[in-house]
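Student: Here you go, sequence then predicted model.
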Amino acid sequence: MLDRIIELDQELFLYLNGKHIYWLDPVMLFLSSYSAWALMCIAMIAFIYFRSKSWKITTSLAFLLTVGMSALLTNLVKMMVGRPRPIHNIAWKDSIHAIEKYSESTSFFSSHSATTFAMAVFFFLFVKYNSYNKLFGYLAILWAAVVAYSRIYLAKHYPVDVLCGILFGILIGILGYKVLGIYTKKKEELKA
């Protein structure tokens, strides 16, 4: 059963990675870069800080802790599983579209997907529950989805790696926001 899942995962990877457009290469490289991630993180923190009605610093720190927890846990899983990246498959050297540098890091599951979805989901919940235009939240989710797809496009991850990263990121984003809610509610009760 597991062998069949891996086989289907590889087939889907080859199909999706084969659907590349050369003018999109620099766009995908940028979206997948740590510079783009840092810019989005700063933009989301600034939005959260300046739009928070209360608990500005607490909410901003909760966002950062959620993102940090996602990155830490994802990298622990990657070290334990040790699945090689698609770019490491020598048999595919001439048949895949790999434009990012070779790296020693492993594939399962996608840290980019997990972290961007943790950011986007936390941000979406902040926007939703603070009565701001939900378009901002939807744009964050769209950004995270494009970043997740870029990892397949760049031959860094298999689709299962990306899917698991997305699901993990959603879970961490929700948990981070819920913990913030519990914390602020308890603090409000203590003040009253």
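Tutor: Nice, I can see it. Numbering: from 1, shown residues only.
Student: OK, contacts around Met28?
Tutor: By CB atoms under 8 Å, 6 or more residues apart in numbering, the contact set of Met28 is Ile99, Ser150, Tyr153, Leu154. The way it works is simple: take the backbone N, C-alpha and C, and place the C-beta from them, glycine included.
Student: how far away is the third one from Thr115?
Tutor: Read that as Tyr153. 17 Å (CB to CB, to the nearest Å).
Student: Which positions in stretch 96-109 come out as buried?
Tutor: If you call a residue buried by 16 or more other CB atoms under 10 Å, then stretch 96-109 has these buried ones: Ile96, His97, Ala98, Glu100, Thr106, Ser107, Phe108, Phe109.
Student: pLDDT score assigned to Lys101?
Tutor: Per-residue confidence (pLDDT) for Lys101: 68.
Student: Poorly predicted segments of this structure, please.
Tutor: Where the chain drops to pLDDT under 70, the residues are 101-102, 192.
Student: Would you mind measuring from Leu14 to Ile96?
Tutor: Counting by CB to CB, the gap from Leu14 to Ile96 is 7 Å.
Student: one step back: in TSV: the buried residues of stretch 96-109, plus secondary structure and distance to Val67.
Tutor: What follows is those, written out as TSV (DSSP: H, G, I helix; E, B strand; the rest coil; distance: CB to CB, whole Å):
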residue	secondary structure	distance to Val67
Ile96	coil	30
His97	coil	29
Ala98	coil	27
Glu100	coil	22
Thr106	coil	21
Ser107	coil	21
Phe108	coil	20
Phe109	coil	16
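Student: Which one of the residues you listed is nearest to Asp25?
Tutor: His97 (8.3 Å; CB to CB).
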